[in-house]
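K.L.:
Can you look at this prediction? I've put the sequence above it.
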Amino acid sequence: MKQNRRPVEESWLNPLGEDEQGPDAKGMYIWVILAGGPVWDIAHGRSHPLWAAWAVTAVCAVLYIVTVQLAFAGSRRAERLFLPLLAATTIAAAVFFHGNWTYLLVMLAIAMGVAVQGRWLPVLLIALVLTALGLQLAAGAGVGDTVFLMWGLFTAGLIPAIMIRLWDAIRELKHTREELAHAAVSEERLRFSRDLHDLLGHTLSVMVVKAEAVRRLAHKDPDGAARQAADIEQIGREALTEVRAAVTGYRGRGLTAELESARAVLADADIDLTIRTPVVRLPPETDALLGWAVREGVTNVIRHSGARSCEIDLGGSGDLVLEVRDDGASATGPARRGNGLVGLGERVAAADGTLDAGPRPGGGFLLRVTLPEQGENA
């Protein structure tokens, strides 16, 4: 079967953050304690010969640890070699010694859940359950004990397999989100390049034509040449303003469009979104800047927070305040600003506003953009 395991050095259960920690072999070692059942019988003189009982117990414990270790390392030997050896040893021990040696079958079921994936796992667990049923009937065990053992064996093998597959799915989803975020950044770069090309291409072409006219009229018609030069100056100033607007993000899609995009993106990421924004008339520059802030905040929520819910608020008395909050894992220490937040901070500063971004006291992350009051309620 295909093996897809976590590196063995990661911890057993941690929130899925940037280090993508999940189940690992060390977290499964604890179940070697199930070998305590045979040890209990040996200590009370119920397993003979003692040397054989001690040797079998040690072999079962070692085989279990090796099987789990190799399974999480992705080695095929776990399933093809060490798991069959563990199965043969534990079943033979349970048949020969009886009593609490059936605990070894539970340890075997856990090893199956870790090492075996796909359709064969239920088949092997059912075979193990039927084997345990035969052992219990041969030993004259009660119905309650028999049912309890059979149910315990099946769930002991099924639960580890489910958890491993769940963490694999979460990891794949996280990687998919990151790829989507990178694709969005690439698309935005292409859009900006196209905008800048369209803007400068037309403007520079006009300026070249007028500069040629200036050169032709310089000696024959100084007044006409001066008018053409004045046109070049005006066009240059307008182009400079438009370029600045493009560079600072003022030619973005705007707040309304980014809020609609945030609804779709967060819904795809299974993150609940609450939006509280009044109906306001904003200057194009402010509208586009707030749209950039929403885009950056939502990108951070998807890529870094692991959040389940997000809130976007726009309001404030006097100054205009936009907040993007989430309930994801809160960072410790000073917040690290990536290129996105740095660029957004520069745009906000150019508009005489302020940007605050960092962990919230109650958990989660907060991005707040404050701008001087602009626009009126509709």
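P.N.:
That came through fine.

K.L.:
now residue 111, nearest residue through space, not along the chain?
P.N.:
In this structure, residue 111 finds its nearest non-sequential neighbour in residue 67, 4.8 Å apart by CB to CB, 6 or more residues apart in numbering. For glycine as for every other residue, the C-beta is placed from the backbone atoms N, C-alpha and C.

K.L.:
Report the separation between residue 87 and residue 108.
P.N.:
Note on residue 87: its distance to residue 108, by CB to CB, to the nearest Å, is 6 Å.

K.L.:
Can you say which helix or strand has residue 321 in it?
P.N.:
For residue 321, the element it lies in under DSSP states H and E is strand 320-326.

K.L.:
and that strand, average pLDDT?
P.N.:
The average pLDDT for strand 320-326 rounds to 91.

K.L.:
what helices or strands is the host helix or strand of residue 64 leaning on?
P.N.:
In the assignment (DSSP H and E), residue 64 maps to helix 50-72. For helix 50-72, the contact count by 3 or more CB pairs under 8 Å, 6 or more residues apart in numbering; DSSP states H and E identifies helix 25-28, helix 36-43, helix 83-97, helix 103-115 as packing neighbours.

K.L.:
mind redoing it with 10 Å?
P.N.:
In terms of contacts (3 or more CB pairs under 10 Å, 6 or more residues apart in numbering; DSSP states H and E), helix 50-72 is packed against helix 25-28, helix 36-43, helix 77, helix 83-97, helix 103-115, helix 143-220.

K.L.:
what's the angle between it and helix 103-115?
P.N.:
20 degrees (axes from the mean of the first three to the mean of the last three CA atoms, to 10 degrees).

K.L.:
Report the buried residues of helix 50-72.
P.N.:
53, 56-57, 60-61, 63-72 (16 or more other CB atoms under 10 Å).

K.L.:
now do stretch 269-289
P.N.:
For stretch 269-289, a neighbour-count test (16+ other CB under 10 Å) marks 269, 271, 273, 280, 282, 285-289 as buried.

K.L.:
quick one on the thing from earlier: pull up the pairing partners for the strand holding residue 321, direction included.
P.N.:
strand 309-315 (antiparallel), strand 365-371 (antiparallel) (DSSP bridges).

K.L.:
where's the last one relative to the chain centroid, distance-wise?
P.N.:
Remark: strand 365-371 is offset 23 Å from the chain centroid, using CA atoms, centre = their mean, to the nearest Å.

K.L.:
Could you pull up the mean pLDDT of it?
P.N.:
Average pLDDT, strand 365-371: 91.

K.L.:
do the same with the first one
P.N.:
Computed over strand 309-315, the mean pLDDT rounds to 90.

K.L.:
on that earlier part again, tell me which of the helices and strands packed on helix 50-72 lies nearest to residue 231.
P.N.:
Shortest separation from residue 231 across those is recorded for helix 143-220, at 5.4 Å, computed as CB to CB.

K.L.:
Show me what whatever helix or strand comes next after the closest one is packed against.
P.N.:
Counting by DSSP H and E, the next helix or strand C-terminal to helix 143-220 is helix 222-247. Here helix 222-247 touches helix 143-220, helix 284-300, helix 339-350, going by 3+ CB pairs under 10 Å, 6+ apart.

K.L.:
Point out the most buried one among those.
P.N.:
Comparing the helices and strands packed on helix 222-247 by mean neighbour count (mean count of other CB atoms under 10 Å), helix 284-300 comes out on top with a mean of 24.

K.L.:
That helix to strand 365-371, inter-axis angle?
P.N.:
Using the same axes, to 10 degrees: helix 284-300 against strand 365-371 is 170 degrees.

K.L.:
avg pLDDT for helix 284-300?
P.N.:
Rounded mean pLDDT across helix 284-300 is 84.

K.L.:
what about that helix, distance to the chain center?
P.N.:
23 Å.

K.L.:
what do you get for stretch 99-113?
P.N.:
35 Å.

K.L.:
For it, which residues meet the burial criterion?
P.N.:
100-113.

K.L.:
end-to-end on stretch 297-306?
P.N.:
13 Å (CA to CA, to the nearest Å).

K.L.:
Check stretch 110-127 too.
P.N.:
For stretch 110-127, the end-to-end distance is 14 Å (CA to CA).

K.L.:
Any idea how far it is from the middle of the chain?
P.N.:
28 Å.

K.L.:
Buried residues, that stretch. List them.
P.N.:
For stretch 110-127, by 16+ other CB under 10 Å, it's 110-117, 121, 124-125.
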